[in-house]
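[1] From the sequence below, what's the structure:
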Amino acid sequence: MEKLLESDLYGPVRDYLQALGYEVKGEVKGCDVTAMRDGELIVVELKRGFTLELVYQAIDRQRVADGVYVAVPLPRRGYMSPRIPEMKSLCRRLELGLIFVGFTGRGIAQVDVAVHPKEASVPRRDRKRRLAVIREHESRTGSSNTGGVTRKKILTAYKEQALNVARLLRDQGPMRAEDVRKQGGPPNTGVILGRNALGWFDREMDAGGRRYLYRPNAKALEALAEYEDLL
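    As a prediction, this is how the structure comes out:
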């Protein structure tokens, strides 16, 4: 168990939630795992062990989610571990869910939900944060990020959209913002190119001198190569 990483728990938890009909994303606004189904938002925090830090994180996520789980590897002694009843009791008191992920010698994972979170006894206290998490979750087109990673690149919704714009400009040549959008660019193509927050795009006037044409610069091409595996 010492060799396990938090990110090793992500795949089994993701597959479990997807089997229940949730759309699952990793590393969304600081949450290891977010899952949505019919407007319900579930957050799962992953840790190599049941720690006080994990409990603190989970309590914080209750400010935005309909239900929060903590997911940890099954203890070495399995369900004979004397800590398991204590872990279950604490999670019930805090209205948290508890997930154990067990691994066989062949690397096959088994997910067991030991405790389901109760419906919050108090209203959510941070609707702004909740909306930000939901927007980021829904804006991503796939589940490229692995929950629980550290010191690795994270593909945010905005960066994914900007990469899409850069790829279209790279493949089809300089274009106006509206033409990029017509070719499959995101709805906010004009904002991405106009603000150029990432510094990825150069612009020049068209032949008529009335509209800007955009092209990806060296930074954009480097980013496309860097994130190719996630795209």
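
[2] only C-alpha atoms for contact and neighbour calcs from this point on.
    Fine.

[3] how near is the spatially closest residue to residue 103 that is not a sequence neighbour to residue 171?
    Taking C-alpha to C-alpha, 6 or more residues apart in numbering, and ignoring the residues beside it in sequence, residue 103 has residue 109 as its nearest neighbour in space, at 4.5 Å. Counting by C-alpha to C-alpha, to the nearest Å, the gap from residue 109 to residue 171 is 41 Å.

[4] the more surrounded of these two?
    The residue with more neighbours, out of residue 109 and residue 171, is residue 109; 17 against 8, by other C-alpha atoms under 10 Å.

[5] Isn't the more buried one up against residue 102?
    Yes - counting by C-alpha atoms under 8 Å, residue 109 does reach residue 102; the two are 5.5 Å apart.

[6] now residue 164, what's its secondary structure?
    Using DSSP: H, G, I helix; E, B strand; the rest coil, the structure places residue 164 in helix.

[7] Report the separation between it and residue 30.
    Distance of residue 164 to residue 30, computed by C-alpha to C-alpha: 23 Å.

[8] Ok, residue 172 next?
    Separation of residue 172 from residue 30 (C-alpha to C-alpha): 35 Å.

[9] pLDDT weak spots in this protein?
    Applying pLDDT under 70 to the chain flags the ranges 1-2, 105-107, 119-124, 141-154, 229-231.

[10] Could you list the buried residues of stretch 181-194?
    181, 185, 186, 188, 189, 190, 192, 193 (16 or more other C-alpha atoms under 10 Å).

[11] And the strands in this structure?
    23-28, 31-37, 40-46, 67-73, 97-103, 109-115, 201-205, 212-216 (DSSP state E).

[12] Save those strands as TSV, and put in distance to residue 129 too.
    Formatted as TSV, these follow (distance: least, C-alpha to C-alpha, whole Å):
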stretch	distance to residue 129
strand 23-28	11
strand 31-37	11
strand 40-46	12
strand 67-73	15
strand 97-103	21
strand 109-115	26
strand 201-205	30
strand 212-216	33
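
[13] from those, which stretch is densest packed?
    The highest average neighbour count among those, using mean count of other C-alpha atoms under 10 Å, belongs to strand 67-73 at a mean of 25.

[14] What are the contacting residues of it?
    By C-alpha atoms under 8 Å, 6 or more residues apart in numbering, the list of residues contacting strand 67-73 from outside reads 1, 9, 41-50, 54-55, 58, 61-62, 96-103, 116-120.

[15] ok and it relative to strand 109-115, angle-wise?
    Orientation of strand 67-73 against strand 109-115 (axes from the mean of the first three to the mean of the last three C-alpha atoms, to 10 degrees) gives an angle of 130 degrees.

[16] Tell me the gap between strand 67-73 and the middle of its chain.
    Computed by C-alpha atoms, centre = their mean, to the nearest Å, the chain-centroid distance of strand 67-73 equals 15 Å.

[17] number of nearby residues for residue 38?
    Per other C-alpha under 10 Å, the neighbour tally for residue 38 reads 8.

[18] Please read the previous query as pertaining to residue 17.
    Neighbours around residue 17, by other C-alpha under 10 Å: 17.

[19] Repeat that for residue 80.
    As a burial measure, residue 80 scores 10 neighbours (other C-alpha under 10 Å).

[20] From residue 99, how far out is it?
    Applying C-alpha to C-alpha to residue 80 and residue 99 gives a distance of 16 Å.
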